[in-house]
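>>> when you get a sec, could you give me coordinates for this:
(chains A and B)
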Number of protein chains: 2
Amino acid sequence: MKTYKKGILPVGFKASGISCGLKRSGKPDLALFFSENPALASCVFTTNDILAAPVVLSKAHLKNNSSFQAIIANSANANCFTGSAALKDAGETARVLAKALGLRKECVLVASTGIIGKRLPVLKIKRGIPEVIKKLSSQGIDKAAKAIMTTDTFAKIFSVKFNVGAKEITVCGVAKGAGMIAPNMATLLSFIFTDAQISQGALNKALKQAVDVSFNSITVDGCMSTNDSVMLLANAKAGNPLINQGKNLNLFTQALSLVCLELAKMIVRDAEGASKFIKITVKSARDQKTAKAVALNIANSNLFKTAVYGENPNFGRIASAAGSCGAGIKEGNLKIKVSSLKKKDIDVEVSLNQGNSGAVVYTSDLTPEYIKINAEYN
Amino acid sequence: MKTYKKGILPVGFKASGISCGLKRSGKPDLALFFSENPALASCVFTTNDILAAPVVLSKAHLKNNSSFQAIIANSANANCFTGSAALKDAGETARVLAKALGLRKECVLVASTGIIGKRLPVLKIKRGIPEVIKKLSSQGIDKAAKAIMTTDTFAKIFSVKFNVGAKEITVCGVAKGAGMIAPNMATLLSFIFTDAQISQGALNKALKQAVDVSFNSITVDGCMSTNDSVMLLANAKAGNPLINQGKNLNLFTQALSLVCLELAKMIVRDAEGASKFIKITVKSARDQKTAKAVALNIANSNLFKTAVYGENPNFGRIASAAGSCGAGIKEGNLKIKVSSLKKKDIDVEVSLNQGNSGAVVYTSDLTPEYIKINAEYN
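Numbers count the residues shown, from 1 in each chain, chains lettered A, B, ... in the order given. Next up is the predicted model:
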């Protein structure tokens, strides 16, 4: 398995990113991802009760349709919580794009990220569609990755190549994160592309597993967003024997998980205001659910996060956070190890002495800069 | 019902606060509360798996004993997560105090607040016991309230007087809070005293109800402490007809709830680094549990709290936080009203249009000052 900290679009995919005027800064804000042939799609969305319109629309398209060719994503506006206008605007975006590409509108998926509660300037998007189509290129993934950024300070891209028999398969993903990041997910958008030939069932299974150990194992502020979407397209262009189960599915899941995990870690590294990257490993828990709950409780503790920011080895806050989620921890069994807080990368290892399960969660520290960014964001 | 924003100890109670050397600043750090005659006690403690030793000890005394005469509380050290030494130190504190007062040690309750994970300097406490006893006075409640402060900037005291027939009953409470404040409770200590004559069952019932709408309806940072304790003593000195049920119990519960709520609000007002006092009312929820869950989810959202700090009316963050606790909110039914963010006191009203239940929760904003305090606290 070969890994690349850059974008290598698989055969048959193109991407582009342009500025259509949503960001006052004039930076790129509209991304398009395109598959030359119909592709299978598998998606994971936020579980928030309040769903952004692009999530509602994409879910409907996934329900009524089984092949997809385009994903359009904008930054600077979440297209959420603006009443019935939101869904109309998302539908209009899909309709205009589909028409320009000569597709049925159900073949289009839509994603948005940015401020909640302000009407989407859909006219700007519609006006940008001809240009974003014109710019489509097999080299365009970097520009697309930039166009989905909000408070992100760098574009997040990762690629993996591996072989199934004689055929080389590529998995390439981009993501945006920064704030409102919590498991089950966050204002987190990720778009992943593969040329693997794979069954729908296997694709869904692989994505669920990959998201579980990556995007659903990170937290920045414990805030779950209304717009989280991970969208995966598989266009079968590699011409490999169909992946359905067994060794080849394991291999594909491994590659996909690696892409997702590397993107997830970049999101944490680029968390709003973060000065530290924290890995929390919980060991010897009763079961995996308990292990993850304890890890997340520590990761979401403002007191723990400020202590890390202050390079202040206040272990009591880890014990207190671990003990507050009802995991039935016995004080005498709780072992805590923390690496030097002076470094940028911090390792926290918590052992519960209850059983044999474990979990790993990634988070950042809580800093005055996080507050500054979020006090002013509008 | 007469209310007083000051301490009026009921008949038969005394209190004192001294400095025994736990705080490097030399400020008061040891408080004693004393009842001249044996009193009934009712307590509510943290539900954290990791319990501070004074909580473990006090729970044991409450199990084996039904009359109490003294509460000793120290600040600057939580006496928690230091292995078997912690319980030994708490026991030693109770034993030495009981001996000096001529009581059985089971008549003493113990509480601590401060840093977790550092051995309690029990020798300093033992050396301070003769002085803290000597200083006991019916006017000593202010000094005791000061001695339990950690990062609190003001002492929290409230009293209520009401009549049962011809007899006047007093309820007087003190509290400390500041950080690690979350429902089910927080590094929150509160000691409440009444001269009411009341049955044990009625006392427990009244305290549970009062704590539910006060100390368990506030959150500063969502962090639950290992030391939270609300301790209520009732010494029957008012000579009123026994309160057991009905109108008189309602009256007592009302008075006790008022004391607890005023103390809880003071804790939020004095939250670490807070610049705003936020009241969140959730209305027309399916049931009370849902209403409280939604209110707390908003109250614990770092993004909402930073928006309030920035006086930035980002209503989307309220919708997003409300939607993320699985309450089954329909977007079209969700109504949000927020008072002017320019003021110090903010009112947030969220209507779910699901049913007839409601809840009120109090919280503060999240500020750079909170981070500064907690990055440096050690």
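
>>> only C-alpha atoms for contact and neighbour calcs from this point on.
Will do.

>>> show me where chain A has strands.
Per DSSP state E, chain A has strands spanning A:2-4, A:13-18, A:30-45, A:68-74, A:108-112, A:156-164, A:167-176, A:189-194, A:218-219, A:229-234, A:277-285, A:335-338, A:345-351, A:357-364. These are given in chain order.

>>> okay, now the residue nearest to residue A:80 when sequence neighbours are not counted: neighbour count?
With Cα to Cα, 6 or more residues apart in numbering or on different chains as the criterion, residue A:80 has its nearest non-adjacent residue at 4.2 Å, and that residue is residue A:52. Residues lying near residue A:52 (other Cα atoms under 10 Å in any protein chain shown) number 29.

>>> next one: the one 10 residues further on
Counted with other Cα under 10 Å, the neighbours of residue A:62 add up to 19.

>>> repeat that for residue A:78.
For residue A:78, the neighbour count with other Cα under 10 Å is 27.

>>> how close does it sit to chain B?
Between residue A:78 and chain B the computed distance is 10 Å (Cα to the nearest Cα, to the nearest Å).

>>> which residues does residue A:318 contact?
If you count contacts by Cα atoms under 8 Å, 6 or more residues apart in numbering or on different chains, residue A:318 has them with A:298, A:304, A:336.

>>> just to revisit the earlier point, is it true that the residue nearest to residue A:80 touches residue A:229?
No. Using Cα atoms under 8 Å, residue A:52 is not in contact with residue A:229; the gap is 10.3 Å.

>>> the stretch 1-150 of chain A against chain B: which residues are in contact?
Selection of the stretch 1-150 of chain A residues close to chain B by Cα under 8 Å from any Cα of the partner chain yields A:47, A:48, A:49, A:50, A:80, A:81, A:83, A:115, A:116, A:117.

>>> nearest residue to the residue in the stretch 51-200 of chain A positioned nearest to chain B in space, please, no chain neighbours.
Residue of the stretch 51-200 of chain A nearest chain B, by Cα to the nearest Cα: residue A:116 (4.6 Å). Distance criterion Cα to Cα, 6+ apart; nearest residue to residue A:116, sequence neighbours excluded, is residue B:316 at 4.6 Å.

>>> what about the one you found, distance to residue A:80?
Computed as Cα to Cα, to the nearest Å, the residue B:316 to residue A:80 distance reads 8 Å.

>>> repeat that for residue A:41.
Taking Cα to Cα as the measure, residue A:41 falls 23 Å from residue A:80.

>>> what about the helices in the stretch 51-200 of chain A?
A:53-64, A:84-101, A:122-134, A:141-147, A:200-212 (DSSP state H, counting those that start in this stretch).

>>> how about CSV for the ones you listed, with mean pLDDT and distance to residue B:141 added?
Formatted as CSV, the helices of the stretch 51-200 of chain A follow (pLDDT from 0 to 100; distance: least, Cα to Cα, whole Å):
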stretch, mean pLDDT, distance to residue B:141
helix A:53-64, 96, 57
helix A:84-101, 97, 58
helix A:122-134, 98, 64
helix A:141-147, 98, 61
helix A:200-212, 96, 54
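
>>> pLDDT at residue A:182, what is it?
Residue A:182 carries a pLDDT score of 44 in this model.

>>> run a quick neighbour tally on residue A:241.
There are 15 residues near residue A:241, going by other Cα under 10 Å.

>>> no wait, residue A:367
Residue A:367 has 26 nearby residues by other Cα under 10 Å.

>>> I'd say it and residue A:271 touch.
No. Between residue A:367 and residue A:271 there is no contact under Cα under 8 Å: 10.5 Å.

>>> beta partners for residue A:336?
Judged by DSSP bridges, the bridge partners of residue A:336 are residue A:350.

>>> what's the separation between it and residue A:353?
For residue A:336 relative to residue A:353 (Cα to Cα), the value is 11 Å.

>>> separation between residue A:272 and chain B?
For residue A:272 relative to chain B (Cα to the nearest Cα), the value is 11 Å.

>>> one more: residue A:243?
To chain B, residue A:243 is 36 Å away according to Cα to the nearest Cα.
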